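Enquirer: test case, fold it:
(4 chains)
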There are 2 protein chains.
Amino acid sequence: MSHLDHPTAAVADDSAVTPAPLLRIQEVAATLGLTTRTIRYYEELRLLEPAGRSEGDYRQYDADDIERLRFIKDLRDDAGFSLAEIGQLLEDEAARRRNRARFRTTTDAAERRAIIDDALGRVDRQIASLREKSDRLADMVDEAEGRRAHLLDHIAELEAGREPAPHDHARPRAGRAANQAGR
Amino acid sequence: MSHLDHPTAAVADDSAVTPAPLLRIQEVAATLGLTTRTIRYYEELRLLEPAGRSEGDYRQYDADDIERLRFIKDLRDDAGFSLAEIGQLLEDEAARRRNRARFRTTTDAAERRAIIDDALGRVDRQIASLREKSDRLADMVDEAEGRRAHLLDHIAELEAGREPAPHDHARPRAGRAANQAGR
DNA sequence: CACAACCTTGCCGTTGACGTAAAGGTTAGG
DNA sequence: CCTAACCTTTACGTCAACGGCAAGGTTGTG
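Expert: Residues are numbered from 1 along each chain as shown, chains lettered A, B, ... in the order given. Presented below is the predicted three-dimensional model:
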């Protein structure tokens, strides 16, 4: 994931090394189920930058770019993050990487400690933010599965050709009590 | 749903019936951390309707309304659902309730079976949609926690006054395999 | 070299989810 | 009964996240 560096004209001669197939924007869009407009918009927001440009300024994307775009899309679709939040996450990710480099070039224990503490704070914030969403979602899944089980009970009753057993149905929606186990 | 007394008729007799405190829009908004505009907007989108209106057409909300609003807010903030999707979920919920009523007024086994099958399909769709998001989030939490653990290792090394051990730093990103079981 | 099928930047339009202000009516306390 | 502090509907404004043109340049295939 090193497309933060400049589009160096890394033109190794055409020996039989990997073809490294650079894709044009429309091909990337089709692969990921996005539009070209969306990809350009993400670039405008500085969420990514294509690996390079052609002679005539066509954007050229490599496999890392596609991974990054897929990551953005997943965050957007599945987690419901705003593009600003996604930018923050990617930014933290980049900072993490830079810190790692800096970390390796120093031997001062205090500085190393500072770097790590900073990283730890960032990661803790990230975890808290993610876990809150995740837990809430998991609760909703649990609730839905409870209803599903209930329905299956009904089916079993029917298959047995019985009258419905006199069970409760005491759920008026909104049961916001304990329900949450640690996880 | 069924509150028969008007608000001004403060019958202060010793009847132990709950006062059923109907709230006005600003009180509800403050309680939930929303704005009055937002609540009215949700009503405009038919996501809810206040339990009643005062003589002079003031909206009056009861505890169920507040629960429903909190549910909407959670879905919006934590799950990132659009208001349209939330409307669909609430709609399904309402259909479920209606089906239950219909279910109890019929004795035809075939019809009962049809009702349940319909409900089951709906709930399965809901579960799938929720679980996909939840799982993805859980994966991201796991990943972040892995990084956190890694950082703690580094700290331990530093505290021991050691040189960093020659560990790997292998693949950080893209772990796509199985990771999270149901729960 | 012609040309269709891509691409570029620029810019205005749209939809969702509200903010905000106007012009008036309602409620509760003094 | 007065009045401040709420409330009502109506309507225009805004920001994010794109959609969709226009006017022109680039590519590669015949």
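Enquirer: how about the most centrally placed residue in chain A, what does it touch?
Expert: Residue closest to the mean C-alpha point of chain A, counted by Cα atoms, centre = their mean, is A:Leu75 at 3.8 Å. For A:Leu75, the contact set (Cβ atoms under 8 Å, 6 or more residues apart in numbering or on different chains) comprises A:Phe81, A:Glu85, A:Ile86, A:Leu89. Just so you know, the C-beta spots here come from the backbone N, C-alpha and C atoms, and that holds for glycine as well.
Enquirer: the second one - nearest residue in space that isn't next to it in sequence?
Expert: Put plainly, it is A:Glu85. A:Leu75 (7.9 Å; Cβ to Cβ, 6 or more residues apart in numbering or on different chains).
Enquirer: from A:Arg40, how far out is the residue of chain A found nearest chain B?
Expert: In chain A, the residue that lies nearest chain B is A:Gly80 (1.2 Å; Cβ to the nearest Cβ). Remark: distance between A:Gly80 and A:Arg40 (Cβ to Cβ, to the nearest Å) = 23 Å.
Enquirer: higher neighbour count, these two?
Expert: When A:Gly80 and A:Arg40 are compared for neighbours, A:Gly80 comes out ahead with 21 against 14, by other Cβ atoms under 10 Å in any protein chain shown.
Enquirer: hang on, isn't that one packed against B:Lys133?
Expert: Yes - assessed by Cβ atoms under 8 Å, A:Gly80 is found in contact with B:Lys133 at 7.5 Å.
Enquirer: between the two, which contacts overlap?
Expert: With Cβ under 8 Å, 6+ apart, A:Gly80 and B:Lys133 have common neighbours B:Ala79, B:Gly80.
Enquirer: just say helix, strand or coil for A:Gln60.
Expert: Put simply, A:Gln60 is strand when judged by DSSP: H, G, I helix; E, B strand; the rest coil.
Enquirer: what's the pLDDT at A:Glu157?
Expert: We have a pLDDT of 85 for A:Glu157.
Enquirer: before we move on, what about A:Thr38?
Expert: 98.
Enquirer: count the residues that sit near the closest residue to it other than its chain neighbours.
Expert: Of all residues not flanking A:Thr38 in the chain, A:Ala29 sits nearest, at 7.4 Å (Cβ to Cβ, 6+ apart). A:Ala29: 19 surrounding residues under other Cβ under 10 Å.
Enquirer: say whether DNA strand D is contacted by the helix or strand where A:Ala29 lies.
Expert: Per DSSP states H and E: A:Ala29 is located in helix A:25-32. No - using Cβ under 7 Å from any atom of the strand, helix A:25-32 stays clear of DNA strand D, coming no nearer than 9.0 Å.
Enquirer: now A:Leu23. Its backbone dihedrals?
Expert: phi -100, psi 150 (degrees, to the nearest 10).
Enquirer: isn't it up against A:Gln60?
Expert: Yes - applying Cβ under 8 Å as the test, A:Leu23 and A:Gln60 come out as touching, 7.1 Å apart.
Enquirer: by contact count, what packs against the top helix by length along chain A?
Expert: In chain A, assigned by DSSP state H, the helix with the most residues is helix A:109-159. Packed against helix A:109-159, as judged by 3 or more Cβ pairs under 8 Å, 6 or more residues apart in numbering or on different chains; DSSP states H and E, are the following elements: helix A:83-104, helix B:63-78, helix B:109-159.
Enquirer: please, which helix or strand holds whatever residue of chain A ends up closest to DNA strand D?
Expert: Here the residue of chain A nearest DNA strand D is A:Gly56; by Cβ to the nearest atom of the strand that distance is 2.2 Å. Assigned by DSSP H and E, A:Gly56 falls within no helix or strand.
Enquirer: contacting residues for it?
Expert: By Cβ under 8 Å, 6+ apart, A:Gly56 has no neighbours at all.
Enquirer: gap between it and DNA strand C?
Expert: 8 Å (Cβ to the nearest atom of the strand, to the nearest Å).
Enquirer: same question for A:Ala95.
Expert: Taken as Cβ to the nearest atom of the strand, the span from A:Ala95 to DNA strand C is 27 Å.
Enquirer: count the residues that sit near that residue.
Expert: 13.
Enquirer: quick check: it touching A:Gln126?
Expert: No - judged on Cβ under 8 Å, A:Ala95 makes no contact with A:Gln126 at a distance of 11.3 Å.
Enquirer: who in chain A is up against DNA strand C?
Expert: Residues of chain A lying near DNA strand C (Cβ under 7 Å from any atom of the strand): A:Arg24, A:Ile25, A:Gln26, A:Glu27, A:Thr36, A:Arg40, A:Asp57, A:Tyr58, A:Arg59.
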